[in-house]
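**Q** next comes the sequence, and after it the predicted model I'd like to discuss.
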Amino acid sequence: MVPEEKQWEVISAYLQEAGFAYCQDVAELLHVGKRKTAGILRRMVRDGRLLQFEKRYYLAKQPGQKQIQ
């Protein structure tokens, strides 16, 4: 299991490479169950770190990052 303080680092690095992730992808990255992962992702969406479209999760636009057209 990835420690809570490292979860954002692991998830954001994956999303920078892959572009998007499903809950199952993140569960495998963090070595936790899908139910716990869903809560982690929900919190990151609420905090504005991630965007959710249907079942896919993307990095939210970060300050200084170009907007995708």
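**A** Thanks, I have it.

**Q** for the residue nearest the centre of the chain, give its distance to Q52.
**A** Nearest to the mean C-alpha position of the chain, by C-alpha atoms, centre = their mean, lies I11 at 4.8 Å. As for I11, its distance to Q52 is 13 Å (criterion: C-beta to C-beta, to the nearest Å). Just so you know, the C-beta spots here come from the backbone N, C-alpha and C atoms, and that holds for glycine as well.

**Q** give me the contact list for the helix or strand in which E17 is found.
**A** Element membership of E17, judged by DSSP states H and E, is helix 4-18. The contact list for helix 4-18 (C-beta atoms under 8 Å, 6 or more residues apart in numbering) reads 2, 21, 25-26, 29-30, 40, 44, 49-50, 57-59.

**Q** switch the cut-off to 7 Å
**A** Residues from elsewhere that reach helix 4-18 (C-beta atoms under 7 Å, 6 or more residues apart in numbering): V2, A21, V26, L29, L30, I40, R49, Y58, L59.

**Q** tell me where the chain is predicted with low confidence.
**A** 62-69 (pLDDT under 70).

**Q** hang on, Y57 packs against R42?
**A** No: using C-beta atoms under 7 Å, Y57 is not in contact with R42, being 10.1 Å away.

**Q** the more surrounded of these two?
**A** Between Y57 and R42, Y57 has the larger neighbour count (other C-beta atoms under 10 Å), namely 23 against 13.

**Q** name the residues linked to the more buried one by a beta bridge.
**A** Taking DSSP bridges as the rule, Y57 bridges to A21, Q52.

**Q** show me what counts as buried in the helix or strand where V26 lies.
**A** Per DSSP H and E: V26 is located in helix 23-30. Going by neighbour count (16 or more other C-beta atoms under 10 Å), the buried part of helix 23-30 is C23, D25, V26, A27, L29, L30.

**Q** what do you get for stretch 49-61?
**A** For stretch 49-61, the neighbour count (16+ other C-beta under 10 Å) marks R49, L50, Y57, Y58, L59 as buried.
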